[in-house]
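Colleague: structure here, sequence nowhere to be found:
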């Protein structure tokens, strides 16, 4: 597992860890919900800390402010049962990002495919030793068996040698930018490295699309239950307007 993914990340030997992240660690240290215990015991097969990027191992300076902490970046892999990736990716990313109090680049994999996840975390204002997740970004499902131009460009952006290593914040945000631009590439058809400011704009647009899609799902549910013709027409019009809004946002994503 380690060698396979480090062919993408190319973490230097001094930062390689290859250490199991045990289920007992979560059970012993956290008060897990029933659903989290079920996920841990029935869905997750194995977890591993592939690498650790910090000052000690890489000489990259830390960044700590009142709201942000970039002291450790962990690259973690999580294996789940085959053909379960689309069903359980969100549950696994939410679980691991929630309980690992560091900046994490997370790989969720099954036998044939994988997803890469990153999260924006902030210092918990109640407990400064904890980080809380603001928002997360996943790639679409990526095949282990073949690559196209988009995935090739994405993997190059994840290469440790190409990251902005001014400090650990810029390093982690390089990973985040790569994931966001891979999402954008799914809409535009091409992967482009962009500035931090433009990436933040793209992040906002991707979240807006996600929120509108949730609204469309809700409207469709209302439509399926509606009996009155005039109300059905109004709901269809509302759905169409939201789809047009998504298309306008996607057009913004394509502009350089």
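Modeller: That came in fine, so what should we check first? A quick note: this is a predicted structure, and the numbers were derived from the prediction, not measured. Numbering: from 1, shown residues only.

Colleague: A helix includes residue 135, no?
Modeller: No - counting by DSSP: H, G, I helix; E, B strand; the rest coil, residue 135 is not found in a helix; it is strand.

Colleague: so who does it touch?
Modeller: Applying CB atoms under 8 Å, 6 or more residues apart in numbering, we find residue 135 in contact with 119, 120, 203, 207. Every residue, glycine included, has its C-beta placed from N, CA and C.

Colleague: quick one: the second one and residue 171, what's the gap?
Modeller: In this structure, residue 120 and residue 171 are separated by 14 Å, where distance is defined by CB to CB, to the nearest Å.

Colleague: chain neighbours aside, what residue packs nearest to residue 222?
Modeller: residue 235 (5.8 Å; CB to CB, 6 or more residues apart in numbering).

Colleague: residues contacting the one you found?
Modeller: 219, 222, 223, 226.

Colleague: for the stretch 101-250 of the chain, just list every one of the helices.
Modeller: Counting by DSSP state H, counting those that start in this stretch, one finds helices in the stretch 101-250 of the chain at the ranges 149-158, 168-188, 196-225, 229-254.

Colleague: of residue 120 and residue 171, who's got more company?
Modeller: Taking other CB atoms under 10 Å, residue 120 and residue 171 do not tie; residue 171 has more neighbours (22 against 18).

Colleague: I figured that one hits residue 164, correct?
Modeller: Yes - using CB atoms under 8 Å, residue 171 is in contact with residue 164, at 6.6 Å.

Colleague: so what's residue 106 up against?
Modeller: 76, 77, 78, 93, 96, 97, 116, 117, 118, 119.

Colleague: by pLDDT, give me the weakest of the contacts of residue 135.
Modeller: The member of these with the lowest pLDDT is residue 203, at 77.

Colleague: ok, the residue nearest to it when sequence neighbours are not counted - contacts?
Modeller: Counting by CB to CB, 6+ apart, residue 203 lies nearest to residue 180, which is 5.4 Å off, once chain neighbours are set aside. Residue 180 makes contacts with 137, 199, 202, 203, 206, as judged by CB under 8 Å, 6+ apart.

Colleague: tell me the pLDDT of the last one.
Modeller: What the model reports for residue 206 is a pLDDT of 83.

Colleague: next up, phi/psi of residue 79, please.
Modeller: phi -100, psi 140 (degrees, to the nearest 10).

Colleague: look at it and say how many residues are nearby.
Modeller: Neighbours of residue 79 (other CB under 10 Å): 18.

Colleague: again with residue 254
Modeller: 12.
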